[in-house]
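Student: Whatever this is, show me its structure:
(one chain, ligands or ions: 1)
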Amino acid sequence: MKITMIGSGYVGLVSGVCFAEFGFDVTCVDSNPDIISRLKKGEATIFEPGLDEMMIRNIKEERLFFSTDLENSVKEADVIFLAVGTPSRRGDGEADLHFIEQAADQVAHAMKDGAVIVIKSTVVVGTNSRIRERIQKQRPEIRFSMVSNPEFLREGSAIEDFMRPDRVVVGVEDERGRETMRKLYRPLYLRETPLVITSLENAELIKYAANAFLAMKVTFINQVADLCEKTGGNIQEVAQAIGMDKRIGSKFLHAGPGFGGSCFPKDTRAFAATGLRYKAPQQLIETVISINEERKVKMGERIIKAAKEKNTDTVAVLGVTFKPNTDDVRESPALTIIKVMQEAGLTIRAHDPEGEEQAKKVLDNIVWCSSPYEAAKGAGVLTIITEWNAYRALNLKKLAELMPSGKIVDLRNIYKPEEFQDIDLDYISIGR
Ligand code: UDX
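Tutor: Residues are numbered from 1 along each chain as shown. Down below sits the predicted model:
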């Protein structure tokens, strides 16, 4: 089967490369010629562990191609994935579907009779049906099948999540769509990965409900962390113990500065907006959104307080990406935290193993440093915002020399208070 992937971003590129790895012929299309020319050279345009070697292998074996020419890439395709962005619309937070509609219109004109159209992008319930009508209206003479196949890839572990998912969710409207998806995901099926075959609407709802629930789970533990601080509790021990209940589960119970990224913030807003639109308000998720926004500002204020106590105007920031093992800074808590600190007149010295290039596009007046120790020079406070492995075993004595009786504000609880016993640093963390 010939697959064409429209959109070669975080979702489209990873999915396209993985389908090539399954043995299918895949062409990844993108409108950005720079991206396509870099991809053709085997250069991954996103930081995703393991992606480049998988790309190079499949390019060599002539299964993986890249093109800016949508029309020629689509006309012979058996399966056409729409994996373009669905960003938050300004104002009401609804998912902005114009990239999807644009791609659907271009695909409609080029696709062959009997093709299967798969929407992989995260779209609000009802979109698949609307896109089907939109395509059929432009090509009344052809038959095609519509499929909804949302992704559950986490950035930084996207290949792992694609190759070993807890389940594959497929929304279909006919037998042809069902059979095609079974064939596509056969390599996973052989590994007994559950293939959930359901309706188009259910597949769309499953994606949003999953992400909204995960965002709520993280926000829940962040709030319990606040209570732990007031009552002498330890959030890590509380989280570990409640997570032992299989009905709760231990994942996504790590308290932090709040959730960020290109998905949770966007998907919670869209889910809340959808609830309002259909008069089934998702009040829990509306509250999750406001708690999370507030928390990021509160984290900034916590660091400002430490800077005042230390009587310093320089803060070292370790980690600006929204999580480790990615270069993505979209809606990272660090962006809000840094802006709050800068508004308070603090000077920021920052380090991030992968995120500097992306961060420079959205942050100004930052002194970018080549190492955590370089960032600590001249700073009275050092804060860890992203739990990169590079920050898990810092030389605390060396930090103390660089920041005599400095303050460490660890927003990811990477360290334990007892590690600072005989070190001339004042350690502050969250929920402990
Ligand atoms: C998420 C979903 O996990 C994934 O299934 C979906 O397809 C896309 O959105 P991603 O946004 O890449 O993936 O990152 P994730 O690992 O889910 O983290 C999201 C945010 O929650 C990050 O800011 C992270 O720091 C935060 N988080 C996560 C916590 O603060 N604590 C946790 O325990 C887990």
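Student: Tell me who's in contact with Ser68.
Tutor: Careful, residue 68 is Thr; it's not Ser. 29-33, 36 (Cβ atoms under 8 Å, 6 or more residues apart in numbering). Yep, even glycine has a C-beta here, placed from its N, CA and C like the rest.
Student: swap in Ile303?
Tutor: 315, 337, 341, 381, 383, 409.
Student: So which of those are in helices?
Tutor: 337, 341 (DSSP state H).
Student: Pick out whichever of the contacts of Ile303 sits closest to Gln106.
Tutor: In terms of Cβ to Cβ, no member of the contacts of Ile303 lies closer to Gln106 than Ile337, at 40.2 Å.
Student: hang on, the earlier thing: can you pick the most crowded of the contacts of Thr68?
Tutor: Val29 (30 neighbours; other Cβ atoms under 10 Å).
Student: Now do the strands in the stretch 251-400 of the chain.
Tutor: 314-318, 347-351, 366-368, 381-384 (DSSP state E, counting those that start in this stretch).
Student: Name every strand pairing with the shortest one and say which way it goes.
Tutor: The pairing partners recorded for strand 366-368 under DSSP bridges are strand 347-351 (parallel).
Student: just the angle between the strand it pairs with and strand 314-318, please?
Tutor: If you take axes from the mean of the first three to the mean of the last three Cα atoms, to 10 degrees, strand 347-351 sits at 20 degrees to strand 314-318.
Student: Return the distance of strand 347-351 from the chain's centre.
Tutor: 24 Å (Cα atoms, centre = their mean, to the nearest Å).
Student: Close to the ligand: what parts of this protein are there?
Tutor: 151-155, 211, 214, 218, 252-254, 256, 259-261, 263-264, 322-323 (Cβ under 6 Å from any ligand atom).
Student: Among the residues you listed, the buried ones, what's the PyMOL command?
Tutor: Per 16 or more other Cβ atoms under 10 Å, the buried members of the residues of the chain next to the ligand correspond to this PyMOL selection:
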select buried, resi 151+152+153+155+211+214+218+252+253+254+256+259+260+261+263+264+322+323
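Student: Where does the prediction get shaky in the stretch 1-150 of the chain?
Tutor: Residues of the stretch 1-150 of the chain meeting the criterion pLDDT under 70: none.
Student: nearest to Ala203, of the strands of the stretch 251-400 of the chain?
Tutor: Comparing these by Cβ to Cβ, strand 381-384 comes nearest, at 38.1 Å.
Student: Any chance you could list what contacts that closest one?
Tutor: Counting by Cβ under 8 Å, 6+ apart, 303, 306-307, 310, 312, 314-319, 337, 372, 375-376, 391, 399, 403, 406-412, 414 sit against strand 381-384.
Student: downstream neighbour of the top helix by length along the chain in the secondary structure list?
Tutor: Determined from DSSP H, the single longest helix within the chain is helix 200-231. Next helix or strand after helix 200-231 toward the C-terminus (DSSP states H and E): helix 235-243.
Student: Just the buried residues of that following helix, please?
Tutor: If you call a residue buried by 16+ other Cβ under 10 Å, then helix 235-243 has these buried ones: 235-236, 238-239, 242-243.
Student: Including mean pLDDT and mean neighbour count, could the strands of the stretch 251-400 of the chain go into JSON lines?
Tutor: Listed next are those as JSON lines, based on pLDDT from 0 to 100; neighbours: other Cβ atoms under 10 Å:
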{"stretch": "strand 314-318", "mean pLDDT": "98", "mean neighbour count": "28"}
{"stretch": "strand 347-351", "mean pLDDT": "98", "mean neighbour count": "22"}
{"stretch": "strand 366-368", "mean pLDDT": "98", "mean neighbour count": "17"}
{"stretch": "strand 381-384", "mean pLDDT": "98", "mean neighbour count": "28"}
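Student: Could I get the buried residue list for stretch 83-95?
Tutor: Buried residues in stretch 83-95, counted by 16+ other Cβ under 10 Å: 83-86, 88-89, 93-95.
Student: Check stretch 189-206 too.
Tutor: In stretch 189-206, residues buried by neighbour count (16+ other Cβ under 10 Å) are 195, 197, 200, 202-206.
Student: Also stretch 209-222?
Tutor: 209, 211-212, 214-222.
Student: likewise stretch 400-420?
Tutor: In stretch 400-420, counting by 16+ other Cβ under 10 Å, buried: 400, 402-403, 406-415, 420.
Student: What of stretch 159-179?
Tutor: Of the residues in stretch 159-179, 159, 161-163, 165, 168-173, 176-178 count as buried by neighbour count, 16+ other Cβ under 10 Å.
Student: List the ones among those residues that fall in strands.
Tutor: Judged by DSSP state E, the buried residues of stretch 159-179 include 168-172 as members of strands.
Student: and Thr27, what are its phi and psi?
Tutor: The phi and psi values for Thr27, taken as degrees, to the nearest 10, are phi -120, psi 120.
Student: now do the same end-to-end measure for stretch 382-394.
Tutor: 12 Å (Cα to Cα, to the nearest Å).
Student: and what of stretch 306-326?
Tutor: End-to-end distance for stretch 306-326, by Cα to Cα: 29 Å.
Student: what do you get for stretch 403-411?
Tutor: Distance between the boundary residues of stretch 403-411 (Cα to Cα) amounts to 19 Å.
Student: Mean confidence (pLDDT) on that stretch, please.
Tutor: Averaged across stretch 403-411, pLDDT comes to 98.
Student: Equivalent analysis for stretch 232-252, please.
Tutor: The average pLDDT within stretch 232-252 is 98.
Student: what's next to it, contact-wise?
Tutor: Counting by Cβ under 8 Å, 6+ apart, 214, 217-218, 221, 224-225, 227-228, 253-255, 413, 430-432 sit against stretch 232-252.
Student: any idea how far stretch 238-249 is from the chain center?
Tutor: 24 Å.
Student: If you could redo that for stretch 206-214, that was the one I meant.
Tutor: 13 Å.
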